[in-house]
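Trainee: kindly generate the corresponding structure for this input.
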Amino acid sequence: ATARQVQSQVGAEARADQVLRFLRANKGKVSDTVEMLKEHLEYRKTIPPLKSSVRDELLKGKYCFFGRDKEGDQVVVARLRLMGKHTYENLEVVRESLVHFAEFMESKLSPMGQITVVFSRLESSRNNTDLEWLKVATSVLQKHYPERLKKAFVAPIGLLYRSVWAVAQYYFDPDTRKKLQISTDPNCFFEGVDHAELPEEIGGHNKNALHAEDIIAYAERVHGKEGA
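Mentor: Next up, the predicted model:
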């Protein structure tokens, strides 16, 4: 009944699976769901063509789709060693790269599908930690792609990162925080994903390279290429 209420207020433009996911994110509150969905539908109309600066940002391979978890859901591998304020032009480039990444994610997932994120801090340093990036990422993903995250493993962390996490955790909503597993041991990745599914650089057995060419091809096909 609540799903029908939402659908009647936002119209046929919203898919049934979007209505259900946004309802879950809003604890079944119809008015909040309607408002969030209407904002999302407007947001989708404003997704820009792929800029060359955003293409370059995606090509850095900071986050890539790679393998499946033990339940068969899509895995995203994020590599902190490639991140940091020194690695991008500005936060708008970061935001647009995340938007195109998330849109590609939507194209790969089933209507109610979810992802497992493996966030590797291997070979990273203080310079790679970027709370501004995290703030942008959580804003885009929680606001416009709710209920897509199943689980996230973050490792390895030390004393420095624990102090950062004391602040960073509040960028996530309470339900999302429950899905995050923070560990000193990168072997925690393999609690949710088999070795064969993860790249060698983080201890897996998969020899394939992590790349973003598929994301770029999708963005240019669906949203266009700036200047084209």
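Trainee: contacts, neighbours, all on C-alpha from now
Mentor: Noted.
Trainee: put the alpha carbons of the helix or strand of the chain with the lowest mean pLDDT into CSV.
Mentor: Least confident helix or strand, the chain: helix 159-168 with a mean of 84, by mean pLDDT, DSSP states H and E. This file holds the C-alpha atoms of helix 159-168, laid out as CSV (Å, rounded to 0.1, in the frame of the first residue of the first chain):
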residue,chain,number,x,y,z
LEU,A,159,45.9,4.1,15.1
LEU,A,160,46.0,7.1,12.7
TYR,A,161,43.0,5.9,10.7
ARG,A,162,41.0,5.1,13.8
SER,A,163,41.2,8.8,14.8
VAL,A,164,40.1,9.7,11.2
TRP,A,165,37.3,7.2,11.4
ALA,A,166,36.0,8.8,14.6
VAL,A,167,35.1,11.7,12.4
ALA,A,168,34.4,10.0,9.1
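Trainee: ok, residues contacting that helix?
Mentor: Contact partners of helix 159-168, identified using C-alpha atoms under 8 Å, 6 or more residues apart in numbering, comprise L131, L134.
Trainee: pull out the buried positions in it.
Mentor: Y161, A168 (16 or more other C-alpha atoms under 10 Å).
Trainee: chain center to the helix or strand just after it, what's the gap?
Mentor: Where DSSP states H and E defines the elements, the next helix or strand beyond helix 159-168 is helix 174-177. Relative to its parent chain, helix 174-177 has a centroid offset of 14 Å by C-alpha atoms, centre = their mean, to the nearest Å.
Trainee: give the pairing partners of the helix or strand following helix 174-177; include direction for each.
Mentor: Once the chain leaves helix 174-177, the next helix or strand it forms, by DSSP H and E, is strand 180-182. The partner list of strand 180-182 in its sheet, established with DSSP bridges, is strand 149-155 (parallel).
Trainee: shaky segments in the protein?
Mentor: 228 (pLDDT under 70).
Trainee: quick one, longest helix in it?
Mentor: When the chain is scanned for its longest helix (criterion: DSSP state H), the result is helix 91-108.
Trainee: any idea how far it is from the chain center?
Mentor: So, by C-alpha atoms, centre = their mean, the centroid of helix 91-108 is 8 Å from its chain's centroid.
Trainee: against which helices or strands is it packed?
Mentor: Here helix 91-108 touches helix 52-59, helix 131-144, helix 213-223, going by 3 or more C-alpha pairs under 8 Å, 6 or more residues apart in numbering; DSSP states H and E.
Trainee: the same query, at a cut-off of 7 Å, please.
Mentor: Contact partners of helix 91-108 among helices and strands, from 3 or more C-alpha pairs under 7 Å, 6 or more residues apart in numbering; DSSP states H and E: helix 52-59, helix 213-223.
Trainee: following element in sequence after that helix, please.
Mentor: The first helix or strand that comes after helix 91-108 along the chain, using DSSP H and E, is strand 115-120.
Trainee: flag every buried residue along that following strand.
Mentor: Applying a neighbour-count criterion of 16+ other C-alpha under 10 Å, one finds I115, T116, V117, V118, F119, S120 buried in strand 115-120.
Trainee: how much space separates S139 from K85?
Mentor: Taking C-alpha to C-alpha, to the nearest Å as the measure, S139 falls 18 Å from K85.
Trainee: tally of neighbours for I216?
Mentor: By other C-alpha atoms under 10 Å, 20 other residues sit near I216.
Trainee: now do the contacts for it.
Mentor: With contact taken as C-alpha atoms under 7 Å, 6 or more residues apart in numbering, I216 is in contact with R55.
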